[in-house]
Structures are given as C-alpha cells and as structure tokens.
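S.K.: any chance you can model this:
(chains A and B)
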Amino acid sequence: MFVLVEMVDTVRIPPWNFHRQLNEAVAEELNKKLANKVVYNVGLCICLYDITKLEDSYIFPGDGASHTKVHFRYVVFHPFLDEILIGKIKYCSQEGVYVTMGFFDDILIPPESLQQPAKFDEAEQVWLWEYETDEGAHDLYMDQGEEIRFRVTDEVFVDTSPTGPATAASDTAAQPGQSTAPPKEDGGEKKEAPYTLILVLLTDPRQQR
Amino acid sequence: MEVKNANAAMLSNYEVFKLLTDLKEQRKDSGKHKHSVGQQNLNTIMYEVRKRPLRFFVPVMFTHFQKHGHSLVCPSTQTLKYLSKMPCSRQSPEIVKEFLTTMVPHKLTKAEKLQLLNHRPLTAVEIQLLVEESEERLSEEQIEELIQTVTDVLPGDPEQENTAPADTEMDEGGEQS
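M.R.: From the prediction side, this is the model:
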C-alpha cells in the first residue's frame, strides 16, 4: 500500500526560521510542500520518512532565505497492481461504486468489475448483486458505509498542472494554495482527480460467515 | 523537484503506522503552534479530527474539497485512523521479524508476504485472493498451515477472539478425554 520514494529537492528556509535546527526546518518545509499532495506518476504523499543527505546551503542575492539541496525519502500511498485493499463504500451511481479509504477517496469500481450479475437500483441509488443459490436468488446490497475488499486493476494519473493562457480561461485558476485537484482549464471547468484507482470488487469473506 | 527512485522500498502498514504515531507524539511534545496554513496539510493527513463525527459529512465534504481544493478533514488523521483499525496496529518489530522467518519455507513473493502481513487472512478464501495461483502453488495442507502460522504469529483483534477461545477450549477438552 505504501512505498518509500527517494526524492531530491531544493528547500527554501526563510530567515525567520534560521534559529531552528536545519534538519527540523527542512523537515517542516518538506512536509508543508508535499504532505497530502499527489505527485504525478508517483502517488499520494503522506509524510516524510527521513532525510538522507543535506548538501550545502546557499544564500542568493536578492533573497534573504537559504536554499538547501536535500535528498530525502517520502512515504507515498501507491498500491501496486493486483493489491488487495480494504475500504468503505462512499456512494453508488450509474458509473459504478465509489469507495473511500478515509485518507484516499478517488476509488471507482466500474459496473463491469462488480460481481455479475449486478443491477443498479434507481430508487435506492445502490448497486446490488443478484446472488443465485439453490434456494433462490438473493439480492446483496452495496450499502453506504459497508466495508469491502477490492483489488486494484488500474490507476490513472492526470496531470493537473495549469496550462497556458491559450486555452479557454477558467475562473478558478487564480485561487492559490489548492491542493490535490486544481481544475483543468478546458473551458468546461471539469474537475479531475489527479490520481484515481480503478478496481475489481471482491466477495467480502466476512459476509459469507 | 526530482524523483530519484519512485519505488525505493515497500512499507508495511505497521511501519507507516509507527511513523505516524511517533510523529504525532513528537509534535505533541514540542508543543509548537501547529495550526498555520502550511502545517494544515500534514495535520490533515495525520491527526485526529476534532469535533464533528465524519460519518455523515464525509460524502459532502469530499465533494467540497474537489470544488475548493482545500482540506477541511485531515488526511493524516484519516491515515492514522484507517491504520489503527487494521491488524498492523497490534504488531511490533519482533512480530514482523518472526512472521517473515516463518514465511521463508512457503516461498512467497515479497508482495504476497506484505499483503499477508497487512491483512492477516483467516480463511482459505482470503489466502486464495492474496496469493497468486494459490491452487497450483500451495496444497490444501499448506494453505491450512499458512492460516495457522498467520493466526499464531500475528496478534488478532481481541474483540473477535473472545468468541473463538470458548470453542477451541471445548475441542481440546474433547480430544484429551
């Protein structure tokens, strides 16, 4: 579920933090920059694991802050293909079942990957599995908040970095400090999650007991 | 920023859980004011959400984030909360080491051993899901043996196990007599 990613970055420490230990200041800056953010093709960054190397700090003309090149390792949420995970059902829609793990939300189970035969109940907005046994068909509902196990079949990374002004302008482009999902500037203002998991639902063994 | 190695090492849930709890303790001890905007994201992914119960607000709040891009709920908290419900919260370095040594004769891949450690499967069905081609690679006795090892070495949920001992004691009593 979690991997260690080795990264290199230049950390800027403002002068008012010079009284602090360099290690601490650097760790704080790195966490500020990366925690809870998705790095393209890497995963959702959770927290700093350790700092492996600190190079010399430099102060550049015009800026009072020090710049330090840091080699560090970060804990990243990045399940591998076919990994089994446990999560809760957030809600169901025509597109499939949306699952949440608490800290990570953009998990979708498309209808084809649900146990067949599966039907979508419009009235209750819930997917159900028509389970055939010798006694007859049972409808097993995928209720909200139910814990389920699923296998990762695919992951989608979307590059949500802002594009240039040539495309249609988006009103929300000016908002600073957006974390994981800045809007794609294609005029439609469609929000895309930078990291989505697509999965196959597994029979929950606990339900069978 | 440059990514030198996107897959330097795989971490078990236990290791991440330990890291987050240690970090949380450290922050509590240092006592600094952690509510600046910059710290919010780390707090978010680590710490406890105060006040509101999440259950009803989660679906609404997460769509809110998608619109506004900032976190009201803490993913860090969420990670810690999520991991504390998993078997990893009851593990320790010695247990993990013991588990890996007992797993050596079974010839499982690293990913499979990691998943067994994270999930603590109790039934043959779960083993079949976690281990690829388990029917070809493991015989039924081996699967049983695997379940037994997992149950013995990795500590389970104390609530669930309160119901089980009553049955096993009765069985043992029957065998002895």
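
S.K.: can we go C-alpha only for contacts and neighbour counts from here?
M.R.: OK.

S.K.: and A:Val99, what helix or strand is that in?
M.R.: strand A:96-100 (DSSP states H and E).

S.K.: now do the phi/psi pair for the closest residue to A:Val38 other than its chain neighbours.
M.R.: The shortest distance from A:Val38 to any non-neighbouring residue, by C-alpha to C-alpha, 6 or more residues apart in numbering or on different chains, is to A:Leu44 (4.3 Å). When read as degrees, to the nearest 10, the backbone of A:Leu44 gives phi -90, psi 120.

S.K.: and A:Leu199, how many neighbours?
M.R.: By the criterion of other C-alpha atoms under 10 Å in any protein chain shown, A:Leu199 has 26 neighbours.

S.K.: what's the answer for B:Gln142, then?
M.R.: Look at B:Gln142: counted by other C-alpha under 10 Å, it has 13 neighbours.

S.K.: what does B:Met1 give?
M.R.: Burial of B:Met1 is recorded as 10 neighbouring residues (other C-alpha under 10 Å).

S.K.: please apply the same query to the one 5 residues further on.
M.R.: Here the number of neighbours of B:Ala6 (other C-alpha under 10 Å) works out to 18.

S.K.: could you look up the SS state of it?
M.R.: In terms of secondary structure, B:Ala6 is strand; the call rests on DSSP: H, G, I helix; E, B strand; the rest coil.

S.K.: so it touches A:Leu44, yeah?
M.R.: No: assessed by C-alpha atoms under 8 Å, B:Ala6 is found out of contact with A:Leu44, at 11.9 Å.

S.K.: shared neighbours of the two, anything?
M.R.: Counting by C-alpha atoms under 8 Å, 6 or more residues apart in numbering or on different chains, no residue touches both B:Ala6 and A:Leu44.

S.K.: now the helices for chain A?
M.R.: A:22-34, A:205-208 (DSSP state H).

S.K.: helices or strands next to the first one in the packing?
M.R.: Helix A:22-34 makes packing contacts with strand A:2-13, strand A:43-59, helix B:37-46 when contacts are defined by 3 or more C-alpha pairs under 8 Å, 6 or more residues apart in numbering or on different chains; DSSP states H and E.

S.K.: mean confidence for it?
M.R.: The pLDDT scores in helix A:22-34 average 90.

S.K.: strand A:43-59 and that helix, what's the angle between them?
M.R.: Computed by axes from the mean of the first three to the mean of the last three C-alpha atoms, to 10 degrees, the angle separating helix A:22-34 from strand A:43-59 equals 130 degrees.

S.K.: buried sites along helix A:22-34?
M.R.: Within helix A:22-34, the residues that count as buried by 16 or more other C-alpha atoms under 10 Å in any protein chain shown are A:Ala25, A:Val26, A:Ala27, A:Glu28, A:Glu29, A:Leu30, A:Asn31, A:Lys32, A:Lys33, A:Leu34.

S.K.: might one say that A:Phe60 is in contact with A:Ser66?
M.R.: Yes: using C-alpha under 8 Å, A:Phe60 is in contact with A:Ser66, at 7.5 Å.

S.K.: one step back: include distance to B:Phe17 when you put the buried residues of helix A:22-34 into JSON lines, please.
M.R.: Conversion of those to JSON lines gives the following (distance: C-alpha to C-alpha, whole Å):
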{"residue": "A:Ala25", "distance to B:Phe17": "23"}
{"residue": "A:Val26", "distance to B:Phe17": "22"}
{"residue": "A:Ala27", "distance to B:Phe17": "19"}
{"residue": "A:Glu28", "distance to B:Phe17": "19"}
{"residue": "A:Glu29", "distance to B:Phe17": "22"}
{"residue": "A:Leu30", "distance to B:Phe17": "20"}
{"residue": "A:Asn31", "distance to B:Phe17": "17"}
{"residue": "A:Lys32", "distance to B:Phe17": "20"}
{"residue": "A:Lys33", "distance to B:Phe17": "21"}
{"residue": "A:Leu34", "distance to B:Phe17": "18"}
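
S.K.: distance between the ends of stretch A:125-139?
M.R.: With C-alpha to C-alpha, to the nearest Å as the measure, the ends of stretch A:125-139 fall 14 Å from one another.

S.K.: quick check: chain neighbours aside, which residue is closest to A:Ile51?
M.R.: Nearest residue to A:Ile51, sequence neighbours excluded (C-alpha to C-alpha, 6+ apart): A:Phe72, at 4.1 Å.

S.K.: contacts only, for the one you found.
M.R.: Taking C-alpha under 8 Å, 6+ apart, one finds A:Glu6, A:Met7, A:Val8, A:Leu48, A:Tyr49, A:Asp50, A:Ile51, A:Thr52, A:Lys53 in contact with A:Phe72.

S.K.: and for A:Glu95?
M.R.: Contacts of A:Glu95 by C-alpha under 8 Å, 6+ apart are A:Pro110, A:Pro111.

S.K.: how near is it to A:Leu81?
M.R.: Relative to A:Leu81, and taking C-alpha to C-alpha, A:Glu95 is found at 22 Å.

S.K.: again, but for B:Glu25
M.R.: As judged by C-alpha to C-alpha, B:Glu25 and A:Leu81 stand 34 Å apart.

S.K.: now B:Ala111
M.R.: For B:Ala111, the distance to A:Leu81 equals 10 Å [C-alpha to C-alpha].
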